[in-house]
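>>> Okay, predicted coordinates and the sequence, questions at the end:
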Amino acid sequence: METVLSGIRSTGNLHLGNYFGAVRNFIKMQDENNCYFFIADYHSLTTHPTPDNLKNSSKQILIEYLAAGLDPEKSTLYIQSDVPEVLELYLFLNMNAYLGELERCNSFKDKVRQQPNNVNAGLLTYPTLMAADILIHRADKVPVGKDQEQHLEMTRTFANRFNNLYKVNYFKEPEAYNFGENLVKIPGLDGSLKMGKSEGNALYLMDPPEVIRKKVMRAKTDQGPTEENQTKSQEIENLFTIMRHVSTPETCEYFNDAYNHCQIRYGDMKKQLAEDIIRCCEPIRERILDLSQQEKYLEEVMDAGAAKARANARKTLREVREIIGFSNKRF
Ligand code: TRP
């Protein structure tokens, strides 16, 4: 069985785009792989040095991923800061990570632009911490979006450099876990191609039905088709795309035919879409609310995940220390 590791950025609630994109693939992944999922809370300090409520945001992420279907019986779920061993590996990797290559990293250059007054060393070495996350579990595969591909490439560089420097064949090169056609992109209701938190157009799994109705009814539309089989504008295409994920094929076909015959009423389509989104999110939302009350269970899940992850991390560190020459015995 292959080891697959995925880091979860520790900001924000899950929205429909996350769910139909990565999260549903994560849930499938657990059945065929030895999966690790962790909440990257150390990483969040690179942009938020004085976080509002680190514990609560980790808790909320955990709740939402569990509600969406991550299964602690199948996967190892943990919070990064519960496995401080990763910091020792981060230190070792940093000793052989060069300023030039870190400065050339696109995510670093973006952050320098975004936060010119806080260009800290953690930001510069973000890729080394990420490499440590991956290498500490000797992951074979890592599901990454486009924006993380360079980080994975750097992880391979660091792994190889370590092997070459210490003349070992210890770390293997992690590969991208490819979701292939299953990687869907959910567009926004504002005509944009992507639903996202920072885009301000997200429908959250947590949103109560009345909020979903309101957001969907406000979705951008156009003047309506004037010719049969007219090409759809982006806004309308987006409504249909979302509909294909939450509604039955018959419903999609019904509105598509109506569009093609210039008989569509966007208000009706939106009403239907809102109800179908609600139906799709409802069970997850109920589980979120239910899990929010189960502190003890959440605690147990985190403790068990941390224990498993730490045992594995310690083993790696013991071996790495030995390779570098830090004896695990005194002399
Ligand atoms: N950098 C990732 C992101 O922004 C989060 C992350 C941290 C990660 N460590 C990781 C992802 C290790 C995969 C593997 O989404």
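Now that the structure is in, tell me what you want to look at.

>>> Can you name the residue of the stretch 151-300 of the chain nearest to the ligand?
His151 (6.1 Å; CB to the nearest ligand atom). In this view, the C-beta of every residue, glycine as well, is placed from N, C-alpha and C.

>>> repeat for the chain
Counting by CB to the nearest ligand atom, the chain gets nearest the ligand through Gly7, at 2.3 Å.

>>> which residue packs closest to that residue, ignoring adjacent ones?
Ala40 (4.5 Å; CB to CB, 6 or more residues apart in numbering).

>>> how deep is the one you found tucked in, by neighbour count?
Ala40 has 22 neighbouring residues, counting by other CB atoms under 10 Å.

>>> Show the contacting residues for it.
Gly7, Ile8, Arg9, Ser10, Gln80, Met130, Asp133 (CB atoms under 8 Å, 6 or more residues apart in numbering).

>>> All the helices of the stretch 51-200 of the chain, residue numbers only.
54-68, 85-95, 99-103, 106-114, 121-124, 126-135, 149-165 (DSSP state H, counting those that start in this stretch).

>>> Report the buried members of the contacts of Ala40.
Buried members of those, scored by 16 or more other CB atoms under 10 Å, are Gly7, Ile8, Ser10, Gln80, Met130, Asp133.

>>> surely the second one meets Ile61?
Yes: counting by CB atoms under 8 Å, Ile61 is a contact partner of Ile8 at 6.1 Å.

>>> what residues are shared contacts of those two?
The contact lists of Ile8 and Ile61 share Ile39, where a contact means CB under 8 Å, 6+ apart.

>>> Would you mind measuring from Val184 to Ala22?
10 Å (CB to CB, to the nearest Å).

>>> neighbour count winner among those two?
Ala22 (21 against 16).

>>> which residues does the more buried one contact?
Counting by CB under 8 Å, 6+ apart, Ala22 has contacts Pro143, Gly145, Phe179.

>>> out of these, which touch the ligand?
The overlap between the contacts of Ala22 and the neighbours of the ligand (CB under 6 Å from any ligand atom) is empty.

>>> if I read this right, Met154 contacts Ala131, doesn't it?
Yes: using CB under 8 Å, Met154 is in contact with Ala131, at 6.3 Å.

>>> all strands of the stretch 151-300 of the chain, in order?
175-176 (DSSP state E, counting those that start in this stretch).

>>> Tell me the buried residues in the lengthiest helix in the chain?
Ordering each helix of the chain by length in residues (DSSP state H) puts helix 295-324 first. Buried residues in helix 295-324, defined by neighbour count with 16+ other CB under 10 Å: 298, 301-302, 305-306, 308-310, 312-313, 316-317, 320, 323.

>>> can you check stretch 214-228 too?
Lys215, Val216, Ala219, Lys220, Thr221, Pro225.

>>> I'd like the average pLDDT over it.
Averaged across stretch 214-228, the pLDDT comes to 96.

>>> how about that stretch as CSV, C-alpha atoms only?
The C-alpha trace of stretch 214-228 is given here as CSV (Å, rounded to 0.1, in the frame of the first residue of the first chain):
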residue,chain,number,x,y,z
LYS,A,214,-30.2,33.9,-0.6
LYS,A,215,-26.8,33.4,-2.2
VAL,A,216,-28.1,31.3,-5.1
MET,A,217,-31.0,33.7,-5.8
ARG,A,218,-28.4,36.5,-6.1
ALA,A,219,-26.3,34.6,-8.6
LYS,A,220,-25.5,36.6,-11.8
THR,A,221,-27.5,35.8,-14.9
ASP,A,222,-27.9,37.4,-18.3
GLN,A,223,-30.8,38.7,-20.4
GLY,A,224,-31.8,35.2,-21.4
PRO,A,225,-31.4,33.4,-24.7
THR,A,226,-32.9,35.1,-27.8
GLU,A,227,-32.2,32.3,-30.3
GLU,A,228,-32.6,28.5,-30.1
